[in-house]
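K.L.:
Next come a sequence and a model predicted from it.
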Amino acid sequence: MFPIQIRPDEALNELHELGVRLGEGLETLTELGDIQVGASEREAVYREDKMVLYRFTPLREKLNPVPVLIVYALVNRPYMADLQEDRSLVRGLLEQGLDVYLIDWGYPDASDRYLNLDDYINGYIDHCVDHIREVSGQDRINLLGICQGGTFSLCYSALNPDKVRNLITTVTPVDFHTPDDMLSNWVRNIDIDLLVDSLGNIPGELLNWTFLSLKPYRLSGQKYLDMIDLLGDREAARNFMRMEKWIFDSPDQAGEAYREFIKQFYQQNGLIKGTVTIGDARVDLANVTMPVLNIFAAQDHLVPPASSKALERYIGTRDYTAIEFPGGHIGIYVSGRSMKTLPPAIGDWLGERT
């Protein structure tokens with residue numbers, strides 16, 4: 001091995017340069033002001049408890065007649081799908097002539113402690129679907145599920161195939177026991193009943209740090225070292241802070257819904273076994289008979305590709321299309337490459353099936 005040689009003058013120069021960049025970066029950060037998120041105009045069209053259904057203002061006069069409802073996960077906030085004008089899945093879909101709606105779950109508090117999956121799926125989602133069906137005049141609408149929201153959308157579609165024309169799942173876990181699923185391997189060994197009975201609602205901060213710890217060096221250290229090189233560019237710094245705002249904007253989880261989701265899906269792998277029950281109904285993926293577009297990310301550390309790709313083996317439709325995106329769990333929604341490829345692919349796929 002060769003000894004590492006560090007010249008004192010070089011070290012001092014590097015420290016000086018670092019100090020200069022940090023000073024300039026601090027000045028940049030103080031000048032950014034409020035960090036704005038959400039790029040597209042929208043209107044609240046339905047409310048129930050803390051849940052709000054938004055409709056985005058169309059960007060084209062001629063619309064696909066079948067609306068698209070985006071179902072987001074309960075973890076983090078749905079403005080990830082509309083982060084900024086040039087990083088917005090929503091805007092991309094609007095530019096494809098789609099009529100786009102989105103569910104915002106809000107921030108659960110102690111009064112929501114006993115909300116369960118039946119409330120979310122057979123309650124809130126179903127009520128939103130019925131509202132959209134009524135105002136659009138369509139018997140069936142399109143669902144687009146994101147991560148856990150994709151799993152919810154699968155359950156809803158299996159229970160209500162007469163209300164869903166087309167289903168799109170993005171980075172959606174299906175088989176929760178694939179060997180490379182680190183999160184699943186952790187969660188399977190936790191006493192969820194003790195956790196929920198002790199805490200009630202599950203703190204969003206607890207879950208957020210759990211996700212960050214899956215890649216601790218990259219997500220909790222390296223990115224902040226890399227940030228130093230961005231601070232000289234005000235717009236790049238603003239983009240970085242938008243992502244930071246989203247990452248740490250983590251709602252608490254309603255205790256009973258969290259208990260049911262972790263036990264039935266992560267611990268029992270019930271979605272592919274056909275044992276998941278929502279309310280009094282059993283979820284059978286064979287009842288997903290509408291066309292399905294399944295989009296997954298090749299470098300996803302939260303939902304491994306194998307977990308999403310398993311979907312094809314269990315659903316009841318022959319009209320199945322898969323798209324592998326060469327990126328990670330979040331990049332699929334905010335990278336420049338995804339904005340150029342995914343919205344047109346989704347628009348074309350839906351256009352062929354309308």
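P.N.:
Cool, the structure landed.

K.L.:
Keeping just the C-alphas, turn stretch 38-47 into PDB.
P.N.:
Below are the C-alpha coordinates for stretch 38-47, written out as PDB (Å, rounded to 0.1, in the frame of the first residue of the first chain):
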ATOM      1  CA  GLY A  38     -46.800  22.600  -6.800                       C
ATOM      2  CA  ALA A  39     -46.600  23.900 -10.300                       C
ATOM      3  CA  SER A  40     -50.000  23.300 -11.800                       C
ATOM      4  CA  GLU A  41     -53.200  25.200 -11.200                       C
ATOM      5  CA  ARG A  42     -55.800  23.100  -9.400                       C
ATOM      6  CA  GLU A  43     -59.200  23.300  -7.700                       C
ATOM      7  CA  ALA A  44     -60.600  21.400  -4.700                       C
ATOM      8  CA  VAL A  45     -63.700  19.600  -5.900                       C
ATOM      9  CA  TYR A  46     -64.500  17.300  -3.100                       C
ATOM     10  CA  ARG A  47     -63.600  17.100   0.600                       C
END
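
K.L.:
so how far is that stretch from its chain's centroid?
P.N.:
18 Å (CA atoms, centre = their mean, to the nearest Å).

K.L.:
List the buried residues in it.
P.N.:
38, 40, 42, 46 (16 or more other CB atoms under 10 Å). For every residue, glycine as well, the C-beta is placed using N, CA and C.

K.L.:
which strands and helices sit next to the helix or strand hosting the last one?
P.N.:
Read that as residue 46. Using DSSP states H and E, residue 46 maps to strand 42-48. Helices and strands touching strand 42-48, by 3 or more CB pairs under 8 Å, 6 or more residues apart in numbering; DSSP states H and E, are strand 51-56, helix 126-136.

K.L.:
Please identify which of these is closest to residue 297.
P.N.:
When the helices and strands packed on strand 42-48 are compared by CB to CB, strand 51-56 sits nearest residue 297, at 24.0 Å.

K.L.:
and that closest one with strand 42-48, angle?
P.N.:
Relative orientation of strand 51-56 versus strand 42-48 (axes from the mean of the first three to the mean of the last three CA atoms, to 10 degrees): 150 degrees.

K.L.:
what does strand 51-56 rub up against?
P.N.:
40-47, 82, 90, 94, 99-106, 124, 128, 131-132 (CB atoms under 8 Å, 6 or more residues apart in numbering).

K.L.:
Provide the strand pairings for that strand, with the direction of each partner.
P.N.:
Strands that pair with strand 51-56, judged by DSSP bridges, come out as strand 42-48 (antiparallel), strand 100-104 (antiparallel).

K.L.:
Those strands: which one's closest to residue 202?
P.N.:
With CB to CB as the criterion, residue 202 lies closest to strand 100-104 of the strands paired with strand 51-56, at 19.2 Å.
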